[in-house]
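K.L.:
Sequence first, then the predicted structure, then my questions.
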Amino acid sequence: MEITPDGSLDQQTSSRLGIQIPHLKQPRLEELLANAPAAIAFLSGPELRCSYVNDLAVRATGRISADQLLGSTFREGLPELEGTGIFEILDEAVRTREPFRGREVKIPFIQFETGETQDRYFDFVCQPMVDAAGILDGVFIHAVDLTDRVESRRALEVSQDRLRVAHEAAQMGTWEWDAVSNTPVLSSELHRLFGTDPNDDAKTITETWAARVHPADLPRVRGAIAESVESGAMEIEYRYLHPERGQRILHSKGRRVAGSAHLVGVVLDVTEAKTAVNQVKEQRERFAFAAEAAGIGYWFCDLPFDKLSWDDRVKEHFWLPADADVDIKLFYEIIHPDDRENTRRAIEESIRSHGRYDLEYRTVSAEGKQKWIRATGRTAYDAVTDVPIRFDGVTQDVTALKQTREALIRSEKLALVGRLAASISHEINNPLASVLNLLYLIHQNSNEETIREFSASAQQELARVSHIVTHTLRFNRQSNKSSREKLSDLLESSAAIYLARMKDAGIEVRLDYRDEQLVHCFGSELRQVFANLIGNSFDACKSGSKVLLRTRDQLHPKTGERGVRVTIADNGTGMDKRTLHRLFEPFFTTKGDKGTGLGLWVSREILRKHHAVLRVRSGRSAEGSGTTFSIWLPAESNLVQEG
Ligand code: ADP
Ligand code: MG
């Protein structure tokens, strides 16, 4: 553009702009328009084609260059405005020759850089320009882009809204207080917290509030407020009687606005939080008490194992002083050598399988004293990587418990030995009487042939005695070593002590042994189990009843493990629901003084140790009654002798 010395535009530029504004020199006008803080456009000629746009107008409409608009009519240049009502506004201004002012009008312009439509907001003036003769010269459009302002205002509104919701949710109100004029301003949420009416005057509100503050707390609250004028800060908690919600606990906290007598603050309803905190505290105290009473200790270990964090109680369980440092090496050292491998395996297994760790082991003092400790725990894993990070749990001294349990097991063994003695005398009496008779006859007789016959008979009778005694001895032999046994052999020696008596009582015993698989077990313990089951069947049967003893090789139905199933069934009295339910409880018996109620309880302990699966079926009905105990034992299992 050529600028003439007097500052007016040359003819060419002037005609290109196609506008004439009186009193202003053309170049200055153009500069003014170009730098104006608003989007400016001229539409000129009868068709209202765009003859000028400044940079801001190009940007505000989302265009990349002025050429996209110059020479086009409004409709051609900004087709996206169809349907927004903007064209109609322009038409109306042209028709009436009256200017149109729009306030914060939303206009969706296509953004050519991104290809997306963006809502922009404008204050704009649409000014028809008429020449001296009253003929329309064009339209001048002046628009101020308010988009940023509107958007930030909207954002503010949204965040204020959110704040309000948050305040509501947190039951938090805000207040302002001018100490000089003594006028409080309460947020609507605070009115809700106080149960006051926002339409009341300040005095009424203050009086209502003061009347509801717990009388015992009021002086303290007033003191804190008075003091805050000096100190510039206050924080206080007080009880407040809300007209609908009842007694609440409010927490008020405020601060002076720097350099003024103005305080601002928040009030929080902490009733629930307080109650929850108190409950947690109470629970923790109760728990600590229970832990103390039960002698429970806590341990925490970060993984992989190195330093272990134990409380005094765990250290006590490990014969260590309270100030001892512990690591995993020391842990295993104090555990009884026979229990170490099992413990190590249980820990590894629990970490690997995400399972519970629940184990009993012995700890040994420097002087060789022992305690039985039960440890239970769990692994914590990283939420993302699933890597095990912590292994925590509790220990409990179960020595006394174990001793009681062992005493019970022993007493049940004694009861069994009592029955054994009864069986033995029963079984041995008859053959011994025969032998005595035979010896007498031999003594009286001189016939060699007859004497030989008698002594053969006596030998036979004595063999019977020997057989019984051997079985009985075997039965009573206690061994701490596990071994591989044929279950039918164990079953037979358990049955031997009852067979004669059952026969005498008219009870038929059917034996059906077909197991070949040897089972890794503690033989004398399984004998105790079988003897009790057979004894129970014997007790439940009357003359004419039957007892079945059966063994079969069988795979575990789910895991396919090799094993043997032992079945002991009778068609005796059967059990009612209540008995069936309480069967394994220690001391539960329906036999009065004749029973101990420990047999099945002990049996279950023993079977658990053998990783056996035990099933009971029993019933009483018109068609018949009876009971079946069925035990599946794995051929190979990891056995630990306890106690
Ligand atoms: P005890 O034999 O000393 O009573 P147990 O623990 O061996 O103790 O048995 C508990 C109870 O279970 C018995 O008193 C009896 O009521 C019931 N019971 C066990 N086995 C049988 C069975 N085969 N038939 C009927 N009842 C049985
Ligand atoms: Mg019994």
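P.N.:
It's in. Ligands and ions are numbered 1, 2, ... in the order given.
K.L.:
Name whatever forms a beta bridge with the nearest residue to Glu316 once chain neighbours are set aside.
P.N.:
Excluding the flanking residues, the one nearest Glu316 by C-beta to C-beta, 6 or more residues apart in numbering is Gly297, at 7.0 Å. C-betas here are computed from N, CA, C, even on glycine. Beta-bridge pairing of Gly297 under DSSP bridges involves Thr395.
K.L.:
if I look at Gly297, how far off is Ser365?
P.N.:
The gap separating Gly297 from Ser365 is 16 Å, by C-beta to C-beta, to the nearest Å.
K.L.:
and if you look at Leu401?
P.N.:
19 Å.
K.L.:
For the stretch 201-350 of the chain, which segments are assigned as strands?
P.N.:
In the stretch 201-350 of the chain, the strands defined using DSSP state E, counting those that start in this stretch lie at 233-242, 246-256, 262-269, 296-302, 307-310, 326-327.
K.L.:
close enough to count as contact, Arg617 and Ser625?
P.N.:
No: Arg617 is beyond contact range of Ser625, at 11.4 Å (criterion: C-beta atoms under 8 Å).
K.L.:
and the two? which has more neighbours close in?
P.N.:
Shown here are Arg617 and Ser625; by other C-beta atoms under 10 Å, Ser625 has more neighbours (18 against 13).
K.L.:
Excluding chain neighbours, what is closest to the more buried one?
P.N.:
Gly574 (3.2 Å).
K.L.:
Model confidence at the one you found, what's the number?
P.N.:
According to the prediction, Gly574 has pLDDT 95.
K.L.:
That one: neighbour count?
P.N.:
Gly574: 19 surrounding residues under other C-beta under 10 Å.
K.L.:
Report the separation between it and Ala622.
P.N.:
Using C-beta to C-beta, Gly574 is found at 12 Å from Ala622.
K.L.:
quick one: low-confidence parts of this protein?
P.N.:
1-26, 165-170, 423, 426, 471-479, 640-643 (pLDDT under 70).
K.L.:
Those residues of the stretch 401-550 of the chain touching ligand 2, which are they?
P.N.:
Asn532, Asn536 (C-beta under 5 Å from the ion).
K.L.:
Please repeat the previous calculation with a cut-off of 8 Å.
P.N.:
Asn532, Leu533, Gly535, Asn536, Asp539 (C-beta under 8 Å from the ion).
K.L.:
now these as JSON lines including distance to Glu412?
P.N.:
Shown next, in JSON lines, are these (distance: C-beta to C-beta, whole Å):
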{"residue": "Asn532", "distance to Glu412": "8"}
{"residue": "Leu533", "distance to Glu412": "13"}
{"residue": "Gly535", "distance to Glu412": "11"}
{"residue": "Asn536", "distance to Glu412": "12"}
{"residue": "Asp539", "distance to Glu412": "15"}
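K.L.:
Just send these back as CSV, with secondary structure and neighbour count too.
P.N.:
Formatted as CSV, those follow (DSSP: H, G, I helix; E, B strand; the rest coil; neighbours: other C-beta atoms under 10 Å):
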residue, secondary structure, neighbour count
Asn532, helix, 25
Leu533, helix, 26
Gly535, helix, 21
Asn536, helix, 21
Asp539, helix, 14
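K.L.:
who's more crowded, Gly297 and Ser365?
P.N.:
Gly297 (21 against 12).
K.L.:
I'd like to know how far that one sits from Glu282.
P.N.:
Distance, Gly297 to Glu282, by C-beta to C-beta: 22 Å.
K.L.:
and the longest helix anywhere in the chain, what does it pack onto?
P.N.:
Taking DSSP state H as the criterion, the chain has its longest helix at helix 399-444. Secondary-structure packing of helix 399-444 (3 or more C-beta pairs under 8 Å, 6 or more residues apart in numbering; DSSP states H and E): strand 370-381, helix 448-476, helix 487-504, helix 523-540, helix 599-609.
K.L.:
Let me know whether it sits next to ligand 1.
P.N.:
No: using C-beta under 6 Å from any ligand atom, helix 399-444 stays clear of ligand 1, coming no nearer than 7.2 Å.
K.L.:
Could you give the separation of that helix from the chain centroid?
P.N.:
Distance of helix 399-444 from the chain centroid (C-alpha atoms, centre = their mean, to the nearest Å) equals 56 Å.
K.L.:
ditto for stretch 52-71
P.N.:
Between the centre of stretch 52-71 and the centre of its host chain there is 61 Å, according to C-alpha atoms, centre = their mean.
K.L.:
does the residue lying closest to Glu92 once chain neighbours are set aside have beta-bridge partners, and which?
P.N.:
The spatially closest residue to Glu92, leaving aside those adjacent along the chain, is Phe100, at 6.8 Å (C-beta to C-beta, 6+ apart). As for beta bridges, Phe100 partners with Cys126 under DSSP bridges.
K.L.:
Could I get the contacting residues of the residue nearest to Arg149 when sequence neighbours are not counted?
P.N.:
Distances taken as C-beta to C-beta, 6+ apart place Tyr121 nearest to Arg149, at 7.7 Å, with adjacent residues excluded. Tyr121 makes contacts with Glu104, Val105, Lys106, Ile107, Asp145, Leu146, Thr147, Arg149, Val150, Glu151, as judged by C-beta atoms under 8 Å, 6 or more residues apart in numbering.
K.L.:
Doesn't Tyr121 belong to a strand?
P.N.:
Yes: counting by DSSP: H, G, I helix; E, B strand; the rest coil, Tyr121 falls inside a strand.
K.L.:
Any idea what it is bridged to?
P.N.:
Beta-bridge pairing of Tyr121 under DSSP bridges involves Lys106.
K.L.:
heads up, I number from 53, so please use that
P.N.:
Okay, using 53 as the starting number, the last item reads as Tyr173.
K.L.:
okay, now the residue in the stretch 203-352 of the chain positioned nearest to ligand 1: neighbour count?
P.N.:
For the stretch 203-352 of the chain and ligand 1, the shortest gap (C-beta to the nearest ligand atom) falls at Ala346, measuring 27.6 Å. Neighbour count for Ala346, taken as other C-beta under 10 Å: 10.
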